[in-house]
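>>> What shape does this take:
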Amino acid sequence: MSRHGRVLVAMSGGVDSSVAAGLLHEGGYEVVGVTMKTWDYETSLGGSGASRKQSGCCSLDDMNDARAVAVALGASHTVVDIRDEFGGWVVDRFAGDYLAGRTPNPCVLCNTHIKWAALLKRADALGCEHIATGHYARVREAAPPEVPAPPSRVGRGGAGRFVVSRGLDRAKDQSYVLWGVAQDHLARTLLPLGGHAKPEIRRLAAEMGFDHVAGKKDSYEICFVPDDDYRGFLRRRHPALGDLAGGPLVHVETGEVLGAHDGYPFYTVGQRRGLGLALGEPAYVVRTEPATNTVVVGPRSALAARALTLDGVVWGKTPGLEGAGGEVEAWGQIRHRDPGAAAVLRQTGADTAEAVFAEPRAAVAPGQAAVFYDGDDVLAGGWIESVPAPPSAASRDGAFVALPTL
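The predicted structure follows:
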């Protein structure tokens with residue numbers, strides 16, 4: 001009889017999820033392991049037979065590694081095929097975002113719309129009270145205040161809410177990809193690695209006898225693009241994209257056509273390599289314009305922006321900012337590995353917001369997620385919808401002539 005009940009652990013076959021299962025087992029939980037099959041490598045690689053990198057996800061070897069850990073713990077293990085739901089939501093959105101001139105973030109989409117829901121569905125079927133993953137983040141239920149809190153710009157605070165926080169290991173922190181997980185899902189979530197650093201996890205794996213995963217490489221590529229070639233993936237999925245080759249590369253400041261490109265979906269904001277331009281200074285993709293198959297390029301200073309708008313906003317630590325017009329100072333990240341910067345976040349609707357950063361940020365890309373923190377706690381996150389341009393373009397030395405206000 002377990003002391004804390006049954007927990008369904010998502011086990012990819014990597015070191016992180018293996019140690020997460022081991023820690024929960026040592027902590028008195030009855031562990032039930034599950035590996036989710038999200039995609040076929042041969043489908044991703046077009047049946048080319050190209051070599052696969054070790055991914056920690058979806059391959060037969062990874063599933064066998066996960067099963068071996070479960071057996072060592074005396075836990076049951078099952079493989080769940082979620083390719084249909086994953087492909088219909090994550091993969092279709094991934095391709096659709098590129099076709100719309102946006103830069104997608106499939107990991108956030110998967111966590112928000114697929115992984116947690118799939119885990120909870122299987123947890124209910126198996127009589128598991130909790131689910132767990134190997135993410136480097138923390139989750140807690142915010143304790144109700146003992147006395148009524150004074151009015152604040154962040155509404156009623158976090159009382160009675162489940163709050164995602166940064167993991168102890170800042171280099172591995174994954175709170176950024178968990179901003180969209182719903183409150184009722186967080187209520188049943190355990191994140192046992194949040195208080196550990198990566199070197200410690202590898203040491204624990206060896207101590208637990210998981211030698212076959214202790215030295216396994218981390219996975220950084222997208223699970224359904226195992227060769228890291230998203231352009232090849234798009235071409236295989238949409239062969240007609242080849243017809244877009246030859247569209248104009250246009251300078252953001254002069255409007256001059258500088259050359260031709262391979263098709264706008266194959267370029268992302270901030271990209272420098274592969275433009276084939278010699279301008280006397282580095283050129284970067286500033287934006288793409290799908291309607292005209294145009295890729296707009298310019299100097300690094302043209303990437304700078306202070307403002308952005310968000311949709312699909314999910315409020316974390318607080319249920320909102322007391323309605324439209326409420327605002328709060330926060331720390332905002334515009335990419336996973338972005339160190340972040342101070343910003344003012346303003347709610348504009350039930351699931352929309354806008355933000356102004358204290359300093360210009362480089363390469364703010366529509367389609368990516370922006371996450372805002374109150375200290376280490378996730379305050380809110382959402383999808384970058386647009387990047388309002390300042391009335392006057394940034395000068396080449398990086399100093400703004402005019403800055404946007406929202």
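>>> Low-confidence regions, the stretch 151-300 of the chain specifically.
Scanning the stretch 151-300 of the chain for pLDDT under 70 picks out 151-159, 221.
>>> let's go with 80 and repeat that
151-160, 219-221, 226 (pLDDT under 80).
>>> in the stretch 1-150 of the chain, which spans are strands?
Taking DSSP state E, counting those that start in this stretch, the strands of the stretch 1-150 of the chain run over residues 6-10, 30-37, 76-81, 130-132, 137-141.
>>> Check these for me and report the most buried one.
Sort the strands of the stretch 1-150 of the chain by mean neighbour count, taking mean count of other Cβ atoms under 10 Å, and strand 6-10 sits at the top with a mean of 25. All C-beta spots, glycine's among them, are computed from the backbone N, C-alpha and C.
>>> ok, for Glu358, nearest residue in space, not its chain neighbours?
That one is not Glu; residue 358 is Ala. Ala342 (4.3 Å; Cβ to Cβ, 6 or more residues apart in numbering).
>>> follow-up on the earlier one: may I see the strands of the stretch 1-150 of the chain organised as a markdown table, with mean pLDDT added?
Shown next, in a markdown table, are those (pLDDT from 0 to 100):
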| stretch | mean pLDDT |
| --- | --- |
| strand 6-10 | 98 |
| strand 30-37 | 96 |
| strand 76-81 | 95 |
| strand 130-132 | 98 |
| strand 137-141 | 97 |
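>>> Now those in a markdown table, please, with extra columns for distance to Arg306.
What follows is those, written out as a markdown table (distance: least, Cβ to Cβ, whole Å):
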| stretch | distance to Arg306 |
| --- | --- |
| strand 6-10 | 38 |
| strand 30-37 | 40 |
| strand 76-81 | 44 |
| strand 130-132 | 39 |
| strand 137-141 | 28 |
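>>> hang on, isn't Ser175 packed against Asp169?
No: the pair Ser175 and Asp169 does not pass the contact test of Cβ atoms under 8 Å, sitting 11.3 Å apart.
>>> who has more neighbours, these two?
The neighbour count for Ser175 versus Asp169, taken as other Cβ atoms under 10 Å, is higher for Ser175 (26 against 19).
>>> which residues sit in contact with the more buried one?
Contacts for Ser175 (Cβ atoms under 8 Å, 6 or more residues apart in numbering) come out as Ala137, Arg138, Val164, Ser165, Arg166, Gly167, Val371, Tyr373, Asp376, Val378.
>>> does the second one have beta-bridge partners, and which?
Here Arg138 shows beta-bridge partners Ser165, assigned using DSSP bridges.
>>> Pull out the buried positions in stretch 78-92.
Across stretch 78-92, burial judged by 16 or more other Cβ atoms under 10 Å covers Ile82, Arg83, Glu85, Phe86, Gly87, Trp89, Val90, Val91.
>>> Name the single longest helix found in this protein.
Ranked by residue count and defined by DSSP state H, the top helix of the chain is helix 60-73.
>>> how much does it deviate in direction from strand 30-37?
Between helix 60-73 and strand 30-37, the angle comes out at 180 degrees (axes from the mean of the first three to the mean of the last three Cα atoms, to 10 degrees).
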